[in-house]
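In: Sharing a model that was predicted from the sequence below.
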Amino acid sequence: RTTTFKPHELLAWFSVIGTIGLGIMTVLFEDGQMEAVQSANKLLVIGLILYSALGASIFGHTTYYWLLQRLPISLVAPSVLFTTLLAIIFGVVLLGDPFGPRMIIGGLMTLAGVGVVLLRNVKKQAKNDAFIEPQG
């Protein structure tokens, strides 16, 4: 049985729920947000928002979901591990994020978590494929 979904609808719900959840968390756990917004380079902030909305969300995620609907998950899902690795490298190289033991441990924990989920999904897919009878 194949489940179909519309990637744009899924992304829209992710955005709504994420905005609400993160908005509540920033009010509860952070301070100085208004000062940071007022002192920020507005052109840079607009560029970052456009990149996040158009580049990452609409193009990147839509392409990923499109691939998931057309290819076996065992072929598509490993790209999540590669994306995580690239995010860490770009954060350190381009943004000057600190790279030390905490980053290494956090990165390994993230990769391990994603790896466990992917392996579980691959095993589940293989098990489901084994029960599909050949047509003909």
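Out: Great, that's in hand. Please read these numbers as outputs of a predicted model, since none were measured by experiment. Residues are numbered from 1 along each chain as shown.

In: Count residues in the vicinity of N121, would you?
Out: N121 has 13 neighbours, counted by other Cβ atoms under 10 Å. The C-beta positions use only the backbone N, C-alpha and C, and glycine is treated the same way.

In: Next, the contact list for it, please.
Out: Counting by Cβ atoms under 8 Å, 6 or more residues apart in numbering, N121 touches I73, S74, A77.

In: repeat that with 6 Å
Out: By Cβ atoms under 6 Å, 6 or more residues apart in numbering, N121 lies in contact with I73.

In: give me the element it is part of.
Out: N121 belongs to helix 101-130 when assigned by DSSP states H and E.

In: From what I see, I88 and L108 are in contact.
Out: No - under the criterion of Cβ atoms under 6 Å, I88 makes no contact with L108, lying 10.5 Å away.

In: got any ranges where this protein has weak pLDDT?
Out: Counting by pLDDT under 70, the ranges of the chain that qualify are 1-5, 125-126, 128-136.

In: Count the neighbours of the nearest residue to V45 once chain neighbours are set aside for me.
Out: Once flanking residues are discounted, V45 sits nearest to V37: 7.9 Å by Cβ to Cβ, 6 or more residues apart in numbering. As a burial measure, V37 scores 10 neighbours (other Cβ under 10 Å).

In: now the one 5 residues further on
Out: For K42, the tally of surrounding residues (other Cβ under 10 Å) stands at 9.

In: picking that back up, assign the residue nearest to V45 to helix, strand or coil.
Out: Three-state assignment for V37 (DSSP: H, G, I helix; E, B strand; the rest coil): helix.

In: Done for today, thanks.
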